[in-house]
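Q: just the structure for this:
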Amino acid sequence: MKSCLWEYMDCDIHEIAEKYIEEKPQIGEIPVAPDERQSAPVIQGTGVEDTTITEGTVTFDIRFTAAVPSDYKSAGSPDREKIGLILNVEAQNQFYPGYPLVKRGIYYCCRMISSQYGTVFTGSHYEKIKKVYSIWICTTPPKNREHTITSYALAENNFVGQVKEEQKNYDLLSVFMICLGNPETEVECGILKLLSVLFSSELKAVEKKKVLEEEFHIQMSQAFEEEVSQMCNLSEGVEQKGIQKGMQRALTESIKNLMDTMNMTAKEAMDALKIKEEDRSQYTELLKIQK
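A: This is a model prediction of the structure:
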């Protein structure tokens, strides 16, 4: 928040954590899209809850609300009202998962805005809509994206004439792509080095702790040391999962190539490649997706 969001750049990190993050962040609990197959009434809750009776299967990694350390006048009111934000943070291993990742980030933002109806505002009170951020931590980006932070947002452009709308009325969503790289590479932005170290699958827990203590002056309590160790396990798991997915993709392509060039059935192609019987159903599904 301090490194990317202009609302917090002048704040101390501890101040942000203790003063501006509201309630407990929801981790892997909130659906991105409700089930649209039926009309599902919204269950209105407090804080960051956003759910329906019938839920979709895709969930936000992390979502939470935060107060902005500035006050603004609400539309048509002499009183000053504190503006809030809704933030979503996602960790992404594949930068090219088969679609533009930026579009997915924009969809997440749109979902966080539309889901405010009935919880943040009702009727025509659109002035109460909270700004949303979707922040993507990309652990294995392409080379040209390594060690970069890029934002995508709404902007005012005058085609004819010169007008000036208040920024708060259109600056309602932003997508951030934080692309990591080699943790040993010198970078000017601290958050890139910090996250690259934490998500590295090459550095051991003891090496990560040393960097965090010496370069970022983070006190390593026992609880935090355990979290760093868990992060190491997560990094190794992400790497192994990526390798497994790559092998699956290659085998699926091989099956498809044999079917196209040798006029084989899926079963014959899998027989030729000696694919285990218990694995064949997943390759059958992958072949359907590729059609």
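Q: show me where the stretch 51-200 of the chain has helices.
A: For the stretch 51-200 of the chain, the helices defined by DSSP state H, counting those that start in this stretch occupy 101-114, 190-199.
Q: what's the closest of these to Lys256?
A: helix 101-114 (24.9 Å; C-beta to C-beta). Glycine gets a C-beta too; all of them are placed from N, C-alpha and C.
Q: which of the helices of the stretch 51-200 of the chain has the lowest average pLDDT?
A: Per-stretch mean pLDDT for the helices of the stretch 51-200 of the chain is lowest at helix 190-199 (a mean of 85).
Q: what packs against that helix?
A: Packing partners of helix 190-199 (3 or more C-beta pairs under 8 Å, 6 or more residues apart in numbering; DSSP states H and E): strand 173-179, helix 205-214, helix 222-261.
Q: returning to that earlier point: and the helices of the stretch 51-200 of the chain, which is most packed in?
A: Ranked by mean neighbour count, the helices of the stretch 51-200 of the chain are led by helix 190-199 with a mean of 20 (mean count of other C-beta atoms under 10 Å).
Q: show residues contacting that one.
A: 2-4, 91, 137, 139, 147, 149, 178, 180-183, 185, 187, 203, 208, 211-212, 215-216, 228, 231, 235, 238 (C-beta atoms under 8 Å, 6 or more residues apart in numbering).
Q: pLDDT weak spots in the chain?
A: Applying pLDDT under 70 to the chain flags the ranges 23, 26, 28-58, 70-83, 223-225, 228-245, 289-291.
Q: okay, the residue sitting nearest the centre point of it and Ala66: tell me how far apart.
A: Taking C-alpha atoms, centre = their mean as the criterion, Glu90 is the residue nearest the geometric centre of the chain, at 2.1 Å. Distance of Glu90 to Ala66, given as C-beta to C-beta, to the nearest Å: 17 Å.
Q: same thing with Lys256?
A: 47 Å.
Q: do the same with Leu101
A: For Leu101, the distance to Ala66 - C-beta to C-beta - is 24 Å.
Q: returning to what we had before: would you list the helices of the stretch 51-200 of the chain in a markdown table and tack on distance to Tyr20?
A: Converted to a markdown table, these look like this (distance: least, C-beta to C-beta, whole Å):
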| stretch | distance to Tyr20 |
| --- | --- |
| helix 101-114 | 18 |
| helix 190-199 | 17 |
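Q: which one, of those, ends up nearest to Val160?
A: The closest of those to Val160 is helix 101-114. By C-beta to C-beta, the value is 26.9 Å.
Q: what are the contacting residues of that closest one?
A: Looking at what lies outside helix 101-114 - C-beta under 8 Å, 6+ apart - the contacts are 32-33, 50, 60, 63, 86, 88, 90, 92, 95, 129, 132-134, 136, 138, 152, 172-177.
Q: before we move on, the earlier item: Lys256 and Ala66: which is more packed in?
A: In this view Lys256 and Ala66 are compared by other C-beta atoms under 10 Å, and Ala66 has more residues nearby, 22 against 17.
Q: surely the more buried one meets Ala17?
A: No. Contact criterion C-beta atoms under 8 Å: Ala66 and Ala17 do not qualify, at 10.2 Å.
Q: which parts of this structure are strands?
A: 21-27, 42-43, 51-52, 62-73, 80-92, 131-138, 148-153, 173-179 (DSSP state E).
Q: out of those, which gets nearest to Leu287?
A: Closest approach to Leu287 among the strands of the chain is made by strand 80-92 (25.3 Å; C-beta to C-beta).
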